[in-house]
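Enquirer: Show me the folded form of this:
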Amino acid sequence: MRRSRSQAGYNLVEVIIALAVFGIVAITIFTLFVMGRRNIYAGKQASQAVAIGTQVLEDLAPLNKKMIYNAAFGIADTDTGAAVALPRVSGSAAPSFANAKIRSTDPAIIASPPADISTNPTGFLTRWSGLLTNKLTNASVTLILIPSQDTTNSPEQFGTSQLLQLRVFVRWTETGRQREVVLDTVKAY
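Expert: Here you go, the predicted model:
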């Protein structure tokens, strides 16, 4: 008795084609899961960095001019800033500022911090370093202080400026490359 073609089953070529299609679909779906996991992790890291940067700005928000300059960061009223350039983060230009003071938890950025900062165990930089612990890999907080609207001096001095721009850089390493979040605010005096 002879079987018809509809009852014969699949030949080898049809099985190989079916396996190839299944393999392509399976690899695509697996890749989507891996990419989704990576994006979720990157989003979590960025959210942590934004939370830390926001905490830095909230720590400085209630402080007046004297508290920020003299008490927290050892800046005299007659001080002017200097040219400041931060190291470049992969994929971005190196930020630079003409008249600014820099304070950072990263020893590569500010190798010898002012004595009032490095010896103050309850200072802001120590607190911010604690915020970074166990949250981000190889992380640092860098604060740039820029005086502006000083009508009496050029370059602008910290004590006679009417505005202070605060720029916070939170940097960390993620999957072998450096990432950063930048937050800005302005304080008026």
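Enquirer: Determine how far the lengthiest helix in the chain lies from the middle of the whole chain.
Expert: Determined from DSSP state H, the single longest helix within the chain is helix 12-60. Relative to the mean C-alpha coordinate of its chain, helix 12-60 is positioned 21 Å out (Cα atoms, centre = their mean, to the nearest Å).
Enquirer: The very next helix or strand once past that helix packs against which elements?
Expert: As assigned by DSSP states H and E, the chain's next helix or strand after helix 12-60 is helix 65-66. Applying 3 or more Cβ pairs under 8 Å, 6 or more residues apart in numbering; DSSP states H and E, one finds that helix 65-66 makes contact with no other helix or strand. In short, each C-beta sits where N, CA and C put it, glycine included.
Enquirer: List the contacts of the next helix or strand after helix 65-66.
Expert: Downstream of helix 65-66, the first helix or strand assigned by DSSP H and E is strand 82-85. If you take Cβ atoms under 8 Å, 6 or more residues apart in numbering as the criterion, strand 82-85 is touched by 94-102, 144.
Enquirer: Pretty sure Ser96 sits against Gly81.
Expert: No. Distance between Ser96 and Gly81: 11.9 Å, which falls outside the contact criterion (Cβ atoms under 8 Å).
Enquirer: where does this protein have low pLDDT?
Expert: Within the chain, the ranges that satisfy pLDDT under 70 run 1-8, 111-122.
Enquirer: List buried residues within the contacts of strand 82-85.
Expert: Neighbour-count burial (16 or more other Cβ atoms under 10 Å) applied to those gives 95, 97, 99-102, 144.
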